[in-house]
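>>> Any chance you can model this:
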Amino acid sequence: MTEHLEGSGFSLRRATGLDLDFLVGLATHEDVEPFMAAVSARDRDAFAEEVRRAEAEPAHYGRFVVEVEGERAGAMAFEVTNRRSRIAHLYGIMLHPEFRSRGLADEAARLLARHLILDLDYHRLELECYGFNPRAIRHAERSGYVREGVRRKAYRRHGEWVDGVMFGLIREDLEGSRSGLDSRPFQAGDSS
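Numbers count the residues shown, from 1 in each chain. The predicted structure is shown next:
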């Protein structure tokens, strides 16, 4: 399953072994790493394992690379958390600082959400970000996710306990969304 999803001025594609150095460089970038979950992949072996897992079960796992005019700009990933209830967790949303402030991460997240719900038939998408990351919180809200709660002081990060802010998105949110996610069937190569 090799998806290549077209957005407006960008594309999303499944990561391959050729992307490992880019992913490591992005995950360890000084403006990205402090905001990543402590358990996030940061080295070549961890990203290689993600790519292998996604190749083996592409409907249940995926690391996608965001490209702008053929240049790698960012990445995002998903994994199934409940197969029976068709729930996926989004994580590892990273955008290189040179590509920020263009709405690119929001558009890419919307495109991936449509793909997961409309093409792969997930019922619910979830994501969580640290409470000390207002940029990630705004991104989730702009991307159409609904804030569902806070895990108070749930994670030990940077030497202190921090909150986790939880978000969810369900198929009905796509159908009634004003965030650019619509309910028409998604087609590979769709540029909406």
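
>>> Name the residues of the worst-scoring helix or strand of the chain on mean pLDDT that come out as buried.
In the chain, no helix or strand scores lower on mean pLDDT, DSSP states H and E than helix 171-176, which sits at a mean of 84. By neighbour count with 16 or more other C-beta atoms under 10 Å, helix 171-176 contains the buried residues Asp173, Leu174. No exception for glycine: its C-beta is placed from N, CA and C like everyone else's.

>>> What is the linear distance spanned by stretch 36-48 between its boundary residues?
End-to-end distance of stretch 36-48 (C-alpha to C-alpha, to the nearest Å): 18 Å.

>>> Now do the buried residues in it.
For stretch 36-48, the neighbour count (16+ other C-beta under 10 Å) marks Met36, Ala41, Arg42, Phe47, Ala48 as buried.

>>> May I see those organised as TSV, with secondary structure added?
What follows is the buried residues of stretch 36-48, written out as TSV (DSSP: H, G, I helix; E, B strand; the rest coil):
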residue	secondary structure
Met36	coil
Ala41	coil
Arg42	coil
Phe47	helix
Ala48	helix
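
>>> I'd like to know how far Ala54 sits from Gly62.
According to C-beta to C-beta, to the nearest Å, Ala54 stands 5 Å off from Gly62.

>>> These two - which one has more neighbours?
Of the pair Ala54 and Gly62, Gly62 is the one with more neighbours under other C-beta atoms under 10 Å, namely 28 against 22.

>>> pretty sure that one is in a helix, no?
No. Under the criterion used here (three-state DSSP), Gly62 is strand, not part of a helix.

>>> Look up the residues that both of Ala54 and Gly62 are in contact with.
Listed as contacting both Ala54 and Gly62 by C-beta atoms under 8 Å, 6 or more residues apart in numbering are Arg14.

>>> sorry, back to before: mind exporting the least confident helix or strand of the chain as CSV, just the C-alpha atoms?
Written as CSV, here are the backbone C-alpha positions of helix 171-176 (Å, rounded to 0.1, in the frame of the first residue of the first chain):
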residue,chain,number,x,y,z
ARG,A,171,-16.4,10.7,11.1
GLU,A,172,-19.3,13.0,12.1
ASP,A,173,-16.8,15.8,12.7
LEU,A,174,-15.7,15.5,9.1
GLU,A,175,-19.2,15.6,7.8
GLY,A,176,-20.1,18.8,9.7
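
>>> Looking at the buried residues of stretch 36-48, spot the one nearest Arg86.
The nearest member of the buried residues of stretch 36-48 to Arg86, counting by C-beta to C-beta, is Ala41 at 24.4 Å.

>>> Fine by me, thanks again.
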